[in-house]
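Colleague: Take a look and give me a structure for this.
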Amino acid sequence: MNSADRLSAKSAAAAWLRGSGTRADIDFVQADGSRLGRLEY
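Modeller: Residues are numbered from 1 along each chain as shown. The predicted structure follows:
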């Protein structure tokens, strides 16, 4: 997954969460467990 794909996934997740009124913290990690980023909403 490239950087643009990750940003797109984060944006889509944030929009879905806003629409559902849900709060969540989501960590994006690679297969080896190294952290790619975090979405806090």
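Colleague: where do the helices sit along the chain?
Modeller: With DSSP state H as the criterion, the chain has helices at 3-20.
Colleague: Can you pull out the low-pLDDT segments for it?
Modeller: 1, 41 (pLDDT under 70).
Colleague: Any idea which residue is closest to the centre of it?
Modeller: Lys10 (3.6 Å; CA atoms, centre = their mean).
Colleague: From Trp16, how far off is the residue of the chain most remote from its centre?
Modeller: No residue in the chain sits farther from the centre than Asp32, which is 17.4 Å out by CA atoms, centre = their mean. For Asp32, the distance to Trp16 (CB to CB, to the nearest Å) stands at 27 Å. Quick note: C-beta positions are derived from backbone N, CA and C, even for glycine.
Colleague: Kindly report the same for Ser34.
Modeller: 25 Å.
Colleague: Tell me which of the two has more neighbours.
Modeller: Trp16 (12 against 7; other CB atoms under 10 Å).
Colleague: one step back: the residue nearest to the centre of the chain contacts Leu39, doesn't it?
Modeller: Yes: counting by CB atoms under 8 Å, Lys10 does reach Leu39; the two are 5.0 Å apart.
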